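Student: Okay, sequence plus prediction incoming.
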Amino acid sequence: MVPVLIEIGPVSLFSFGATLALGFLVAGVVLAGELEARGLSRELASGIIWWGAIGGLLGSRVLSLANDWSALLADPQGQIFGGAGFVWYGGLLGGFLTVSLFIRQRQVPWAVVTDAIAPALVLGHAIGRVGCQLSGDGDWGPPSTLPWAMAYPLAIVGWTHAPGVRVHPAPIYESVAYGLIYLALIRIARDPQRRPAGFVIASYLVLSGLARFVIEGVRVEPRVFWGLTEAQTIAVASMVVGCVWLALLGARSRPLAAAAGLLAALLGSAGCNVGAPLAPDFVAQNLDGAAVRLSNYRGSVVLLNLWTTWCPPCREEMPSMQALFGQLGKNGLVVVAVSEDNGAAAAVRPFAQEFKLDFPLLVDPTGTVGRLYGISGYPETFVIDREGRQRARFIGPRDWTSPELAAALTTLLETGRWPLGPDGS
């Protein structure tokens, strides 16, 4: 992670700005070639890139401001001219509008030009996500112990995780996915069989929507509609529009079907399964010395808490955890608290009596479970659904009787859907 590429005195070259400029440059070269292949002037590319950049930057900024309405009202000048905060789909819409006006003004076929734009757009997006990765702009995912997980301690957006915590590098996932889409669109655009105008841009809407929908499940973003993030709802709309468009064109494409299938398979394994992996199974002893396996609770929603008796935040949250168990235990919620005290059962029994805890208490004095789950401190709590998949990870204490958490767990119990993000946001 390199937020600043070059620093000479007061002048700094930021990695995000550099990759953004590179993305526009490469997109311009690709666009010029695609326009020429369709019998149009290469000179159109510069105008399209220019107006696309203007509309894209304005649109992405407007949507970013709209997403934080309260902050905008509190400090309009600071928010508008602060320069931080850009949203891709706002940029896509803004660029679409300004470029469409430019195309109309130049009196060239809109569908033909947008077909030429699609491969350039997705390749520029792939390069731009490299900038997100280098700068650490907050697009990362939840904590992970996978080999490619990483930390962002120098991020331009505040990195709040404790030392040793690593997360999913979601920008890398996006960059790889969009690179694959670029190859698919080029293959479709250059297919020997003639395609009707609009086929490539419609394919872009389907494939890019699919990629963003899946990867968004790995990003730490608030859920706004039906358990989906804002970007996921827009991605669904993108896929619907693209599919309807292709249907109206009456076109069938083996390359598109193959690309969609391959992308879905790749992202399904690198996205959906990453976002909701199976919780690692383990065996620990209860206070009576009997061995208990986590998978014994398969079929119930499990709140797995790792804690110690000497940890003040653990003591702080334990009464609310007991209250939550009393409230939802009859509906299928099981609280499993694994103590990593050196004193094992002898240290936990007095604590359990003091707080009148009646949910399963296990002991792991060797810290094996904590290492298995990659915890960075105490307490940490994991939400595990009825199929044994980890749906969320909470670092630090919580008030488990809060209406938001109680409602989220009730939704998971009743529908199997986790309405909050992977970090509980």
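Tutor: On my side now, so go ahead.
Student: wait, doesn't Gly95 sit right on Gly59?
Tutor: Yes - between Gly95 and Gly59 there is a contact under Cβ atoms under 8 Å: 6.5 Å. The way it works is simple: take the backbone N, C-alpha and C, and place the C-beta from them, glycine included.
Student: Give me the pLDDT for Ala259.
Tutor: Ala259 is assigned a predicted lDDT (pLDDT) of 52.
Student: Likewise for Gly85?
Tutor: For Gly85, the pLDDT comes out at 53.
Student: The one 4 residues further on now?
Tutor: According to the model's per-residue confidence, Tyr89 sits at a pLDDT of 71.
Student: tell me which strands and helices the helix or strand containing it is in contact with?
Tutor: According to DSSP states H and E, Tyr89 maps onto helix 88-106. On a contact count with 3 or more Cβ pairs under 8 Å, 6 or more residues apart in numbering; DSSP states H and E, helix 88-106 meets helix 44-67, helix 110-135, helix 230-249.
Student: helix, strand or coil for the most centrally placed residue in the chain?
Tutor: Geometric centre of the chain, nearest residue: Arg219, 1.7 Å, by Cα atoms, centre = their mean. The assignment at Arg219 comes out as coil when based on DSSP: H, G, I helix; E, B strand; the rest coil.
Student: so what's it closest to, chain neighbours aside?
Tutor: Ala170 (4.7 Å; Cβ to Cβ, 6 or more residues apart in numbering).
Student: mind listing the helices for the stretch 251-400 of the chain?
Tutor: With helices called from DSSP state H, counting those that start in this stretch, the stretch 251-400 of the chain shows them at 254-267, 273-275, 312-328, 344-355, 368-373.
Student: rewinding a little: how deep is the residue nearest to Arg219 tucked in, by neighbour count?
Tutor: Burial of Ala170 is recorded as 26 neighbouring residues (other Cβ atoms under 10 Å).
Student: what about it, distance to Gly209?
Tutor: As judged by Cβ to Cβ, to the nearest Å, Ala170 and Gly209 stand 17 Å apart.
Student: Could you do Gln390 as well?
Tutor: From Gln390 to Gly209 the distance is 26 Å (Cβ to Cβ).
Student: List the contacts of the residue nearest to the centre of the chain.
Tutor: Arg219 is in contact with 139-141, 168, 170, 229, counting by Cβ atoms under 8 Å, 6 or more residues apart in numbering.
Student: now swap in Asp281 and tell me
Tutor: With Cβ under 8 Å, 6+ apart, Asp281 has these contacts: 293-295, 388.
Student: show me the contacts for the residue nearest to Trp110 when sequence neighbours are not counted.
Tutor: Once flanking residues are discounted, Trp110 sits nearest to Ile103: 5.2 Å by Cβ to Cβ, 6+ apart. Applying Cβ under 8 Å, 6+ apart to Ile103 gives the contacts 48, 110, 113-114.
Student: was I right about the residue nearest to Arg219 contacting Gly138?
Tutor: No - look at Ala170 against Gly138 with Cβ under 8 Å: they stay out of range, at 9.9 Å.
Student: Could you name every residue contacting both of those two?
Tutor: By Cβ under 8 Å, 6+ apart, no residue touches both Ala170 and Gly138.
Student: Where does pLDDT dip in this structure?
Tutor: 1, 3, 12-13, 63-65, 67-88, 158, 160-163, 191-194, 220-227, 251-277 (pLDDT under 70).
Student: Outline the domain layout of it.
Tutor: Domains of the chain are assigned by automatic domain parsing as 4-40+108-275, 283-415.
Student: I'd assumed Phe213 was in contact with Ala177.
Tutor: No - contact criterion Cβ under 8 Å: Ala177 and Phe213 do not qualify, at 10.8 Å.
Student: the more surrounded of these two?
Tutor: The neighbour count for Ala177 versus Phe213, taken as other Cβ under 10 Å, is higher for Ala177 (26 against 22).
Student: which SSE is the more buried one in?
Tutor: Using DSSP H and E, Ala177 maps to helix 170-189.
Student: which secondary structure elements does that helix contact?
Tutor: Using 3+ Cβ pairs under 8 Å, 6+ apart, helix 170-189 sits against helix 110-135, helix 199-216, helix 254-267.
Student: could you check the angle helix 170-189 makes with the first one?
Tutor: Put plainly, it is helix 110-135. Angle between the axes of helix 110-135 and helix 170-189 is 160 degrees (criterion: axes from the mean of the first three to the mean of the last three Cα atoms, to 10 degrees).
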